[in-house]
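Visitor: Here's my sequence, what's the structure:
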Amino acid sequence: MPRQLVRIILSLVLLGVLTPAAHAVARFAPATGNWSAAGTWKTACTGGLASGVPVAGDDVVICTSVPAVTVTLDVNSASLNTLTIQATGVLNIGSAAARTLTVAGTLTNFGTLQYSTG
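Guide: Numbering: from 1, shown residues only. Sure thing, here's the model as predicted:
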């Protein structure tokens, strides 16, 4: 094999190995708040650090808590990989504005998914 071709193949292999794959980030809502508020989201249901607002492709968990955790979808659209609503968790999608929630993977609901029109 010519030396130039070997270098090209080696470069492509190294790029494929060294380039990190994009993957979902887990975002947890351990307390009541708006979807768009960074303070609503943590890295775990208990003791987590701030994680920022969910972005397209993330895994979202609305945590179990007493009193119940209610997250209000206050953005026009959200696109997720997975959504889990734990027991006592509430996702409120209802509002006067049209809202779209897209879950590409699994939606697991042990809590409440509220939707109303106004």
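Visitor: Would you map the strands across the protein?
Guide: For the chain, applying DSSP state E gives strands covering 26-29, 33-34, 58-62, 70-72, 77-85, 90-92, 100-103, 107-109, 112-114.
Visitor: So for W41, which of these sits nearest?
Guide: Nearest to W41, of all the strands of the chain, is strand 26-29, at 4.6 Å by Cβ to Cβ. For every residue, glycine as well, the C-beta is placed using N, CA and C.
Visitor: Of all the strands of the chain, which one is nearest G52?
Guide: Using Cβ to Cβ, the nearest of those to G52 is strand 26-29, at 7.5 Å.
Visitor: unless I'm mixing things up, A87 is touching I62, no?
Guide: No: counting by Cβ atoms under 8 Å, A87 stays clear of I62, with 10.2 Å between them.
Visitor: Comparing these two, which residue is more hemmed in?
Guide: Applying other Cβ atoms under 10 Å to A87 and I62 shows that I62 carries more neighbours, namely 29 against 12.
Visitor: For the closest residue in space to the more buried one that isn't next to it in sequence, give me its contacts.
Guide: In space, and not counting its chain neighbours, I62 is closest to G89: 3.7 Å by Cβ to Cβ, 6 or more residues apart in numbering. Residues near G89 by Cβ atoms under 8 Å, 6 or more residues apart in numbering: 29, 62-65, 68-71, 110-112.
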